[in-house]
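# Fold the following.
(one chain, ligands or ions: 1)
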Amino acid sequence: MRVLITGASRGIGKSLAKYYKNIGYEIYGIARDKDKLKEVCDKYFVCDLSNLDEVSGVSKKLSNIKFDLIILNAGISTPHSRDFPPIDAFKKVIDVNLLSIHALLEHIDFKDSKLVFISSLASLLGAPTSLAYSASKRALNSYAESLYFAGIDVVLVLPGFIKTDMTKNHNFYMPFLMDLDDAAQRIVKIIEKDKFFNPFPLRFYYIIKLFTFLPDNLKRKILKKYAKSDIVE
Ligand SMILES: NC(=O)c1ccc[n+]([C@@H]2O[C@H](COP(=O)([O-])OP(=O)(O)OC[C@H]3O[C@@H](n4cnc5c(N)ncnc54)[C@H](OP(=O)(O)O)[C@@H]3O)[C@@H](O)[C@H]2O)c1
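Numbers count the residues shown, from 1 in each chain. Just a heads-up that it's a prediction; the model follows:
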């Protein structure tokens, strides 16, 4: 069995790589940090996913390899802030979180693979302090859904807050914050289940869903208050 994992050097991607290695998978990893990739991957590609030419090069190198599982996990965010993000920072988030995925899949034969997309509960709400991140993840949901309806084996994972480098500098309250190993185990179970839409933790998901049923002006008032708290990274 063979798995390709983007962002296998740290955080969720590394935890998943360790799990699949332990159960005998051959691990292909992609990230920028060579030394960290080497710790867990059998084969690795040092690649900056914000450079789409580099990603295309990797995709071509992988064109003859069959993967049982492809986990599109790598992701970034701009620092949480109500400031309007500069275009370069916004573009980088869209490139890494969305466009690099298409560039990577372009030359890979994934018809018989299971594709796992790591989105976020933040995709369900246009959070005022994470303009680029929410937009990129909502677009990712749509991308994954299109492939799913096209008949590809797709698993869309929407986690809540997890303790990783991505959240370590957040100085705001993160409801239902999960430990990394716990979250990685939940993702493994989700991948085994073969269901398309997988938000977790469910309590947080249902709160967000309930919130989306409120009248728009009330939602806006609540979010404005939330965004007023000092949540700059
Ligand atoms: N943590 C959370 O609370 C949370 C919640 C919901 C969803 N998620 C999603 O889960 C996924 C993993 O997040 P995480 O929390 O594990 O983040 P993380 O600890 O910051 O790890 C991010 C991974 O992505 C790679 N990466 C980042 N920028 C890259 C680039 N330009 N080129 C290549 N690789 C790059 C990093 O590798 P290098 O630095 O070595 O390149 C690293 O392996 C993301 O898609 C994130 O949006 C996270």
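# Make sure Leu158 is indeed in a helix.
No: going by DSSP: H, G, I helix; E, B strand; the rest coil, the assignment for Leu158 is strand, not a helix.
# Relative to the ligand, how far out is it?
7 Å (CB to the nearest ligand atom, to the nearest Å). Quick note: C-beta positions are derived from backbone N, CA and C, even for glycine.
# In contact with that residue, which residues?
Shown in contact with Leu158 (CB atoms under 8 Å, 6 or more residues apart in numbering): Ser119, Ser120, Leu121, Ser123, Leu124, Asn141, Phe197, Asn198, Pro199, Phe200, Tyr205.
# Per-residue pLDDT of the third one, please?
Read it as Leu121. Here, the pLDDT recorded for Leu121 equals 97.
# what about it, how many neighbours?
20 (other CB atoms under 10 Å).
# The fourth one now?
As a burial measure, Ser123 scores 22 neighbours (other CB under 10 Å).
# switch to numbering from 9
With the count now opening at 9, the last piece we talked about shows up as Ser131.
# Disregarding residues adjacent in the polypeptide, which is nearest to it?
Lys145 (3.5 Å; CB to CB, 6 or more residues apart in numbering).
# Remind me which helix or strand that neighbour belongs to.
helix 139-157 (DSSP states H and E).
# which helices and strands sit right next to the strand or helix carrying Tyr214?
Per DSSP H and E, Tyr214 falls inside helix 210-220. Packing contacts for helix 210-220, counted by 3 or more CB pairs under 8 Å, 6 or more residues apart in numbering; DSSP states H and E, involve helix 224-236.
# Tell me which residues of the host helix or strand of Val63 come out buried.
Using DSSP H and E, Val63 sits within helix 60-69. Using 16 or more other CB atoms under 10 Å as the burial criterion, the residues of helix 60-69 that qualify are Leu60, Glu62, Val63, Val66, Ser67.
# returning to that earlier point: within reach of the ligand, which of the contacts of Leu166 are there?
Filtering those for neighbours of the ligand using CB under 6 Å from any ligand atom leaves Ser128.
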